[in-house]
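K.L.:
What would the 3D arrangement of this be:
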Amino acid sequence: MKYKESGIANMLLGALCLATMGAITKILGKTFSSVELVFFRNVIGTLILCVTFFIKPVQQVGGRPLLLIFRGFIGTSALFAFYYCLTKLQLAVANTYNLTYPIFIGLISVLVLRKHLAAVQWIGIIVGFIGVLFVFRPDINFPLKLHLIGLFSGLGTAIGYLTVNELSKIYDRRIIVLSFLLTGLFLSLTSMAIGLYYQNPDLDFVLAPFFVPAGKEWAMLIAMGVIALLGQTFITRAFTFGKPSIVGPINFMQIPFAMIYGLLLGDFFPTIYSAIGIMLILGSGILITVYSNKIT
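P.N.:
Residues are numbered from 1 along each chain as shown. As a prediction, this is how the structure comes out:
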């Protein structure tokens, strides 16, 4: 298989794995809080990652611990938001909000990093935000809170990716991932400890008690963690084999995969407004990703 084809195949597998993880998360969300699901996801990921340190020792320069800690915090915050949306929103809508990150990366690059975008990327950003307005229509099924948390999952993911870009120059990528996993473990444990004594429905996305899994729930929790790690591995391999502008857009296949899983799990078919919004965000993400090398 050629490098280009291998990159596309790996990205497609990565998108399928992450959509599958989302479906499992939605099923488990009927019993467990999103906070606890983040905890189990990170436990499994940490155990598997630590094994790799024995296989291949860490080689890095290091020297920016505060940025590493910040990456762990913002990445975990985005994951809290994403998992909460997976358990509460339609799978397609939850994944769409999370995949708004290219739009936010473009805006942050201009407003914070003082970079310049090509005209076609500005078009992508404008189209993307029009799409967000179509999806961002609070109704009796999905209140404003869920839409705001969904948008934050995309914003947090964008900031996390930009931070990883800087950290990867001086840190072993596994250390960057480990900082994210360990921060997630700490924050989820803290949230569940507080949740045992204090519960507030308005803060259920960050505070929730711990429930002990039983029977097949253990198998599903392990599957969720392993499939999530496989998804990230396939995506990393995809960028190794192919150019980001070629393989990156394939990642947006998460949305149709999630839509299929959602319908199978009982999600109602997206309204005409949501469907238009999803398509606009999908198109804008692909457009921005394809021309990502033109950010200067």
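K.L.:
So I103 sits against L287, correct?
P.N.:
No: in this structure, I103 is not within contact of L287 by C-beta atoms under 8 Å, at 10.1 Å. Using the backbone N, CA and C atoms, a C-beta is placed for each residue, glycine as well.
K.L.:
in this structure, what spans have low per-residue confidence?
P.N.:
1-5, 138-141, 239-245, 293-296 (pLDDT under 70).
K.L.:
mind listing the strands in it by residue range?
P.N.:
Taking DSSP state E, the chain contains no strands at all.
K.L.:
the helices in it, which residues?
P.N.:
3-28, 34-55, 65-88, 91-98, 101-111, 119-135, 144-167, 173-195, 216-241, 244-247, 254-264, 272-290 (DSSP state H).
K.L.:
so which of these gets nearest V206?
P.N.:
helix 173-195 (5.5 Å; C-beta to C-beta).
K.L.:
buried residues in the closest one?
P.N.:
174-185, 187-188, 191-192, 195 (16 or more other C-beta atoms under 10 Å).
K.L.:
for stretch 142-159, same thing?
P.N.:
142, 146-147, 149-159.
K.L.:
May I have that stretch exported as PDB, CA atoms only?
P.N.:
Extracted in PDB, the C-alpha atoms of stretch 142-159 (Å, rounded to 0.1, in the frame of the first residue of the first chain):
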ATOM      1  CA  PHE A 142     -31.400  20.200  24.200                       C
ATOM      2  CA  PRO A 143     -31.100  23.300  26.500                       C
ATOM      3  CA  LEU A 144     -28.600  26.100  26.100                       C
ATOM      4  CA  LYS A 145     -26.200  24.500  28.600                       C
ATOM      5  CA  LEU A 146     -25.500  21.500  26.400                       C
ATOM      6  CA  HIS A 147     -24.800  23.700  23.300                       C
ATOM      7  CA  LEU A 148     -22.400  25.900  25.300                       C
ATOM      8  CA  ILE A 149     -20.600  22.800  26.700                       C
ATOM      9  CA  GLY A 150     -20.400  21.400  23.200                       C
ATOM     10  CA  LEU A 151     -18.800  24.500  21.800                       C
ATOM     11  CA  PHE A 152     -16.300  24.500  24.700                       C
ATOM     12  CA  SER A 153     -15.300  20.900  23.700                       C
ATOM     13  CA  GLY A 154     -14.300  22.300  20.300                       C
ATOM     14  CA  LEU A 155     -12.500  25.400  21.700                       C
ATOM     15  CA  GLY A 156     -10.600  23.300  24.300                       C
ATOM     16  CA  THR A 157      -9.600  20.800  21.700                       C
ATOM     17  CA  ALA A 158      -8.300  23.600  19.500                       C
ATOM     18  CA  ILE A 159      -6.200  25.100  22.300                       C
END
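K.L.:
Can you say which of the helices of the chain is packed in most?
P.N.:
Comparing the helices of the chain by mean neighbour count (mean count of other C-beta atoms under 10 Å), helix 91-98 comes out on top with a mean of 28.
K.L.:
and that one, what does it pack onto?
P.N.:
helix 3-28, helix 65-88, helix 119-135, helix 144-167, helix 254-264, helix 272-290 (3 or more C-beta pairs under 8 Å, 6 or more residues apart in numbering; DSSP states H and E).
K.L.:
and these as CSV, adding distance to N98?
P.N.:
Output for those, formatted as CSV (distance: least, C-beta to C-beta, whole Å):
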stretch, distance to N98
helix 3-28, 9
helix 65-88, 5
helix 119-135, 12
helix 144-167, 5
helix 254-264, 8
helix 272-290, 10
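K.L.:
Tell me which of these lies nearest to Y97.
P.N.:
With C-beta to C-beta as the yardstick, what comes closest out of those is helix 144-167 (3.3 Å).
K.L.:
The closest one to helix 119-135, inter-axis angle?
P.N.:
Counting by axes from the mean of the first three to the mean of the last three C-alpha atoms, to 10 degrees, helix 144-167 lies at 150 degrees to helix 119-135.
K.L.:
distance between helix 144-167 and the chain's centre?
P.N.:
8 Å (C-alpha atoms, centre = their mean, to the nearest Å).
K.L.:
Just name the closest of the buried residues of stretch 142-159 to L68, please.
P.N.:
Among the buried residues of stretch 142-159, and counting by C-beta to C-beta, the member closest to L68 is I159, at 13.9 Å.
K.L.:
Excluding chain neighbours, give the residue nearest to that closest one in space.
P.N.:
I74 (5.0 Å; C-beta to C-beta, 6 or more residues apart in numbering).
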